[in-house]
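Q: I'd like to go over a predicted model; first the sequence, then the structure.
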Amino acid sequence: MYYDLRYYKDQTFKIGGLGGECIREYWIDNPKEYIDKCLKRASNYSEELKIPTKNILEKSFEELQKDYNIKDQNLPILTTLLYKEVRTRNHHSKSIVENLLSNYYIIVPLMDKELYKLNRFNENIEDDNLLITLIFTRYCPKLLDFKFEGRRSINKETIKFAKKINEKYPLKLEKPEFLSKTNEQMKNLTNKNLTKSNNSITYNSINKYIKEVFSSNSFENTFEIYFSKKLYHNILKYVNNHNFYPLQPVTSSIGVLKIISDVNFNKNKFNNNIFDWLNHFIKIPNQNRIKNEIFNQILQYNIARIDIKNMNNNENNIDILNISDKSSKINSPEWFNGDKGKGYVIESSINNVSIKFKCINDGKLNITLRSKDIRDKLNQHFPIYIDYISFIVNGEEQLNKNQLISHDKPLKYYKDVKNGEIIEVTLKWLPFNTNSEYKSDITQLKNEINELKSENKLLKNSINSLQEENEIMKTKSYMIKNLFKI
């Protein structure tokens, strides 16, 4: 990876040739051939990448067809356009943004999609300088009067023709917000924040840091929430076996997880410093990988699952504002969401978590406490018990004593909520332990049998009493009959 470690005190501008790939033929496959190649490369990492890779490429080709009014969906020109409009822009734009953070602004005419449509040998003008003249006209008109070596200058007719072209196809450029910032404000956005005062930061130290983050047990566990173990280890294998930019798949992985984190936590999981998010992975001590596998097997016995859903219609949802467990697993699976509402399934293993969220639309809030969904080799639920010690909603305790809960025997809480209402939930729990009050199904059945026996005994006593009363009534009836005979 390239890293620009410089910072320019004064704003510096440059017109460069970045993006020269846009004016040459490079990818010559048709879309189907190119997609097949990419799917083969994706499967080398993991089969799970094939479907999203195929979806992204097909969607990109569809959009290019619309933009360029191309009817045949399998023309090689679409693959060329994919290279120019997607790959090249994505590749070079990262460099442009990085230079921006160094207070160094690169103007890149060759990434102006209108420019490379130009027929440089137009019958109306025979001048090889037409392209550069148009670039100057669009980006820096003062250069049109610049005297080059040997006092040469651009032909007046060429300038006039370039201006006509620019009037017909004007440069559509909205002034970005950052261009209005002062130098001091820009410094707060830049990599000045990343460098140490003694300038000891180097390319090697950055690469070492990124590799340390990716190689940490904590990052691996977080990565495997969303992707397979096979994919993680294949990326690690790539890093260890390649010398030419070996961290490319690593930086992509970090980028994807950061986007997931921002989406899940509404940007409030961590503060504005991205290094808080990266550093939290390496703050958690690494363990021996064999021990870590054992630890992960034991850990599932301590995972509390919290299902939160805002019920009413398909527009109902919640917006997670903050969660204290930065390594929690948060999902919003399709099976959990539907016409009656949406929400999140949260899993945490730190025994104490606070979750703050906002309700979207009026509805009935449903919070369900469970243990982790664990199944045996026959796909049958294996009962894991979590001992919930405290369950507080907006400052009010919901439990009057510890409650032992499993996945199939959850605790449910309901509350009517308004649109925009803020809810804060705090939970404390322990894994099943010697102080837990466990009542097995057998024990419960015995208790029910004993209760039935007691009820049966009471019923027998009631029957006996009725029989005694009946005998008394018979005796009284006989006496009354005899009395009437007299």
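A: Received the coordinates, thanks. These numbers come from a predicted model, not from an experiment.

Q: C-terminal to the helix or strand of the chain with the lowest mean pLDDT, what's the next element?
A: None of the helices or strands of the chain scores lower by mean pLDDT, DSSP states H and E than helix 183-187, at a mean of 54. Using DSSP states H and E, the helix or strand that follows helix 183-187 in sequence is helix 203-215.

Q: Kindly export that following helix (C-alpha atoms) in PDB.
A: What follows is helix 203-215, C-alpha atoms only, in PDB (Å, rounded to 0.1, in the frame of the first residue of the first chain):
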ATOM      1  CA  TYR A 203       5.800   2.800   6.000                       C
ATOM      2  CA  ASN A 204       7.000  -0.300   7.800                       C
ATOM      3  CA  SER A 205       5.400   0.800  11.100                       C
ATOM      4  CA  ILE A 206       2.100   1.400   9.400                       C
ATOM      5  CA  ASN A 207       2.200  -2.000   7.700                       C
ATOM      6  CA  LYS A 208       3.200  -3.700  11.000                       C
ATOM      7  CA  TYR A 209       0.300  -2.000  12.800                       C
ATOM      8  CA  ILE A 210      -2.300  -3.000  10.200                       C
ATOM      9  CA  LYS A 211      -1.000  -6.600  10.200                       C
ATOM     10  CA  GLU A 212      -1.100  -6.700  14.000                       C
ATOM     11  CA  VAL A 213      -4.700  -5.600  13.900                       C
ATOM     12  CA  PHE A 214      -5.700  -8.200  11.400                       C
ATOM     13  CA  SER A 215      -3.700 -11.000  13.100                       C
END
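
Q: residues in contact with Arg370?
A: 304-307, 386, 405-407, 410 (C-beta atoms under 8 Å, 6 or more residues apart in numbering). The C-beta positions use only the backbone N, C-alpha and C, and glycine is treated the same way.

Q: Also Pro333?
A: Val345.

Q: confidence score at it?
A: pLDDT for Pro333: 85.

Q: Report the mean confidence score over the host helix or strand of Glu469.
A: Per DSSP H and E: Glu469 is located in helix 441-485. Mean pLDDT, computed over helix 441-485, is 73.

Q: How much space separates Asp112 from Leu18?
A: Asp112 is 12 Å from Leu18, where distance means C-beta to C-beta, to the nearest Å.

Q: quick one, strands of the chain?
A: Secondary structure of the chain (DSSP state E): strands at 12-15, 104-107, 304-311, 317-323, 329-331, 341-348, 352-360, 363-371, 386-393, 396-397, 403-405, 411-417, 422-431.

Q: which residues are in contact with the longest one?
A: By that I understand strand 422-431. Identification of contacts with strand 422-431 by C-beta under 8 Å, 6+ apart yields 301-302, 304, 306, 308, 318, 321, 348, 351-359, 365, 367, 369, 385-395, 415, 417, 436.

Q: now swap in the fifth one and tell me
A: Outside strand 329-331, the residues that touch it by C-beta under 8 Å, 6+ apart are 225, 264-265, 320, 323, 344-348.

Q: how far away is Asn317 from Asn361?
A: 7 Å.

Q: Which neighbours do those two have in common?
A: With C-beta under 8 Å, 6+ apart as the test, Asn317 and Asn361 both reach Asn310.

Q: list the buried ones in stretch 145-160?
A: Using 16 or more other C-beta atoms under 10 Å as the burial criterion, the residues of stretch 145-160 that qualify are 154, 158-159.

Q: Lowest-confidence one in these?
A: Ile154 (85).

Q: residues contacting Asn30?
A: Contacts for Asn30 (C-beta under 8 Å, 6+ apart) come out as 74-76, 78-79.

Q: try it again with 7 Å
A: By C-beta atoms under 7 Å, 6 or more residues apart in numbering, Asn30 lies in contact with 74-76, 79.

Q: okay but Ser332 is in contact with Tyr344, surely?
A: Yes - between Ser332 and Tyr344 there is a contact under C-beta atoms under 7 Å: 5.2 Å.

Q: okay, those two: which has more neighbours?
A: Neighbour count, other C-beta atoms under 10 Å: between Ser332 and Tyr344, Tyr344 has more, with 22 against 16.

Q: picking up where we left off before, let's see which of the buried residues of stretch 145-160 end up in helices.
A: With helices defined by DSSP state H, the entries of the buried residues of stretch 145-160 inside them are 158-159.

Q: now the buried residues of stretch 145-160 as CSV including distance to Asp339?
A: Compiled in CSV, the buried residues of stretch 145-160 are given as follows (distance: C-beta to C-beta, whole Å):
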residue, distance to Asp339
Ile154, 65
Thr158, 64
Ile159, 63
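
Q: which residues of the stretch 201-350 of the chain score low on pLDDT?
A: 264-277, 280, 282-296 (pLDDT under 70).

Q: That one: helices as residue ranges?
A: For the stretch 201-350 of the chain, the helices defined by DSSP state H, counting those that start in this stretch cover 203-215, 217-226, 229-241, 248-265, 274-283, 289-299.

Q: out of those, deepest packed?
A: helix 217-226 (a mean of 18; mean count of other C-beta atoms under 10 Å).

Q: Let me know the pLDDT of the spatially closest residue to Ser43 that is not a sequence neighbour.
A: With C-beta to C-beta, 6 or more residues apart in numbering as the criterion, Ser43 has its nearest non-adjacent residue at 5.7 Å, and that residue is Lys50. pLDDT, Lys50: 91.

Q: Could you count how many residues lie near Lys50?
A: 16.

Q: tell me the contacts of it?
A: 39, 42-43 are the contacts of Lys50 under C-beta under 7 Å, 6+ apart.

Q: Check those for burial and list the buried ones.
A: So, by 16+ other C-beta under 10 Å, the buried ones in the contacts of Lys50 are 39, 42.
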